[in-house]
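Trainee: sequence first, then the predicted structure:
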Amino acid sequence: MTDADEQTYSGEFEITEWAPEPYSEPGSTGELSRVRAVKVFEGGITGTSTAELLMAGNDVGAGYVASEQFSGTLGERTGSMVVQHWGVAEGTEAATSGHIIPGSGTGGLAGVSGKALYSQGPDGQHRLELRVTFTQPAE
């Protein structure tokens, strides 16, 4: 496999800090909040992250957008990167998507790009799958 080939890394994470700050806007029909979240990752993705989220919710659905600074290891590569992601839910249906910010990788994660897929299983466990390519060889 060359470094230009897509690689997939998967890990589970625990949210160790969740600090919401509610706010309101004229005309809003639900709850709005800013949240600072800290996560710890295990598996093929190991490390920690701090995320800033903007969240909206009501009796029908909810959604968020986030910027997340990750520091840790993907496989054999260690460094940091920024992931932007979003999600929306209506009842039991949910969708999420995210991308690594181009040029945000440092150390062994320099040159990383790709997609981030966040999910939560029926067991409540949070998971992250990264589908990435690297433009620089591993250190």
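Mentor: That came through, no problem.
Trainee: which SSE is residue 116 in?
Mentor: strand 112-120 (DSSP states H and E).
Trainee: go ahead and measure how far that strand is from the middle of the chain.
Mentor: Put simply, strand 112-120 sits 6 Å off its chain's centre (CA atoms, centre = their mean, to the nearest Å).
Trainee: and if you look at stretch 52-65?
Mentor: 15 Å.
Trainee: alpha carbons of it, as PDB, please.
Mentor: What follows is stretch 52-65, C-alpha atoms only, in PDB (Å, rounded to 0.1, in the frame of the first residue of the first chain):
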ATOM      1  CA  GLU A  52     -16.600  23.200  20.200                       C
ATOM      2  CA  LEU A  53     -20.200  22.600  19.100                       C
ATOM      3  CA  LEU A  54     -23.200  24.700  18.200                       C
ATOM      4  CA  MET A  55     -26.400  22.800  18.900                       C
ATOM      5  CA  ALA A  56     -30.100  23.200  18.200                       C
ATOM      6  CA  GLY A  57     -32.900  21.100  19.300                       C
ATOM      7  CA  ASN A  58     -36.700  20.900  19.800                       C
ATOM      8  CA  ASP A  59     -39.400  18.200  20.300                       C
ATOM      9  CA  VAL A  60     -39.000  16.900  16.700                       C
ATOM     10  CA  GLY A  61     -35.300  16.900  16.000                       C
ATOM     11  CA  ALA A  62     -31.800  18.200  16.800                       C
ATOM     12  CA  GLY A  63     -28.600  19.200  15.000                       C
ATOM     13  CA  TYR A  64     -25.100  20.300  15.600                       C
ATOM     14  CA  VAL A  65     -22.000  21.700  13.900                       C
END
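Trainee: can you list the residues that contact the helix or strand that comes right after the strand holding residue 116?
Mentor: Going down the chain from strand 112-120, the next helix or strand is strand 126-134, by DSSP H and E. Strand 126-134 is contacted from outside by 3-15, 39, 41, 45, 74, 77, 100, 109, 111-121, using CB atoms under 8 Å, 6 or more residues apart in numbering. (Each C-beta comes from the backbone N, C-alpha and C, glycine too.)
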